[in-house]
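Asks: Provided below for reference: sequence and predicted model.
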Amino acid sequence: MTKKIFAIIIAVVISFAFVISASADTYMHVADNANKLSLSEHEELENIAIKLENTYGICVMICIADETTGMYDDAYAEWIYTGNTDNENGILLLHNDGENTYAVFTSGNVDEIFDDEAIAEMRDAYDLNDSYYGGIYDYYQLAEEYLEDGYYGNGNSDNEPVITTGETEEKDGVSFIWLPVSLGIGMLVAFLIINSIASKNKSVHMQENATVYTRPGSVIITGSADNFLYSNVEKKEKPKQENKN
């Protein structure tokens, strides 16, 4: 009974962990594929990018890579962007650190906000900083200025946002309604496994006579001998006692 309870508890814990992890957000705005940032730096920059997307509905991403796995920079930038967000409105700056080259991927109508001049300024803001963290930070600060001011470029002074706030399309996680379902499945599986093991043990009962554990005629003893290893056995005749009468 104790084994059954223990198995059920383990199944509950594992099922709960799977549901929570599956429902977690899978976005990544700062793709540090070259390992240039510390964990705390990456988290801080990621939070800045998430705030921008939640505020303006535009995904602003950046990627640092040592190499692009045989792909052209433009294709690699598009692959990184589409693999990390479903937001149709966004921009990604790729820095191929191994080749010291840059590429930009834009999606949706962000080019109405960030023209070529604005993109060049954001790239320079990143490139001119002495550190990777500082460069990415400056990149996001400049992007935020353009978004706050409703930057259009090309001399357009209309200060109306092109993309309204809240148009970001989030990836659907696993609904929490599946939590009790997963827990129930885990408990059922654990019960069936333990019950199956326990049922097999019931076929064995203690017997009073040891002969029931052997098949009749399967063991025939035809001889016996005493064998001693690493010892010498000497036989001596027992001396007879003399009668003194």
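Replies: Sure, I can see it. These numbers were taken from a predicted model, which means no experiment stands behind them.
Asks: where along the protein do the helices fall?
Replies: Applying DSSP state H to the chain gives helices spanning 2-22, 39-56, 73-82, 116-127, 132-149, 178-201.
Asks: okay, the third one in PDB with CA atoms only?
Replies: Yep, that's helix 73-82 we're talking about. Output of helix 73-82 as PDB, limited to C-alpha atoms (Å, rounded to 0.1, in the frame of the first residue of the first chain):
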ATOM      1  CA  ASP A  73      22.900  36.400 -43.000                       C
ATOM      2  CA  ASP A  74      19.500  37.500 -44.400                       C
ATOM      3  CA  ALA A  75      18.100  34.000 -44.300                       C
ATOM      4  CA  TYR A  76      19.500  33.300 -40.800                       C
ATOM      5  CA  ALA A  77      18.000  36.500 -39.500                       C
ATOM      6  CA  GLU A  78      14.600  35.500 -40.900                       C
ATOM      7  CA  TRP A  79      14.900  32.000 -39.400                       C
ATOM      8  CA  ILE A  80      15.700  33.400 -35.900                       C
ATOM      9  CA  TYR A  81      12.800  35.900 -36.100                       C
ATOM     10  CA  THR A  82      10.100  33.400 -37.300                       C
END
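Asks: what comes up buried for that helix?
Replies: Buried residues in helix 73-82, counting neighbours by 16 or more other Cβ atoms under 10 Å, are found at D73, Y76, A77, E78, W79, I80, Y81. For the C-beta atoms, the positions are set from N, CA and C on the backbone; glycine is no exception.
Asks: can you list the residues you listed in TSV and add distance to P239 and pLDDT?
Replies: Putting those into TSV (distance: Cβ to Cβ, whole Å; pLDDT from 0 to 100) gives the following:
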residue	distance to P239	pLDDT
D73	107	94
Y76	103	95
A77	107	94
E78	107	94
W79	102	94
I80	102	94
Y81	106	94
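Asks: Many thanks, have a good one.
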